[in-house]
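Visitor: Please find the sequence and the predicted model below.
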Amino acid sequence: MSNYKNTQSYIYIMTNYNETTLYVGVTNNLIRRVYEHKNKLVEGFTKKYNLTKLVYYEVFENIEDAIFREKQIKAGSRQKKIDLINSINQEWNDLYDKITN
């Protein structure tokens with residue numbers, strides 16, 4: 001049984017400012033996780049490719065559903081990820097300010 005059963009979880013997509021690279025992640029704290037990406041506090045893919053712009057996210061009631069959705073999105077094509085982003089954020093604005101206010 002997961003400790004996160006009653007904690008909201010999130011899947012999210014980050015990109016760089018040229019919008020050339022996409023990263024799909026999952027977290028139980030979206031504000032903290034995006035902050036870590038933006039400030040390059042985590043070694044890895046997002047730091048290497050300067051992915052600091054939150055362009056998409058979904059909210060889930062439990063981590064299991066979020067992980068399932070993350071795998072679904074990661075298995076899809078780049079075009080499917082672009083279509084997903086465009087479905088809620090056609091301008092590809094950075095949504096970080098939206099989640100922190």
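Guide: All right, it came through fine.
Visitor: Who does the residue nearest to the spatial centre of the chain form a beta bridge with?
Guide: Most central in the chain under C-alpha atoms, centre = their mean is Y12, positioned 1.6 Å from the mean C-alpha point. When bridges are called by DSSP bridges, Y12 pairs up with G25, Y57.
Visitor: tell me the contacts of it?
Guide: V24, G25, V26, T27, L30, R33, V34, L54, Y56, Y57, E58 (C-beta atoms under 8 Å, 6 or more residues apart in numbering). Heads up, the C-betas are built off the backbone N, CA and C, glycines and all.
Visitor: what does F45 give?
Guide: F45 neighbours (C-beta under 8 Å, 6+ apart): Y23, L51.
Visitor: I'd guess Y23 is in a strand, am I close?
Guide: Yes - if the criterion is DSSP: H, G, I helix; E, B strand; the rest coil, then Y23 is within a strand.
Visitor: Tell me who's in contact with it.
Guide: Here Y23 is in contact with I13, M14, T15, F45, T46, Y49, L51 (C-beta under 8 Å, 6+ apart).
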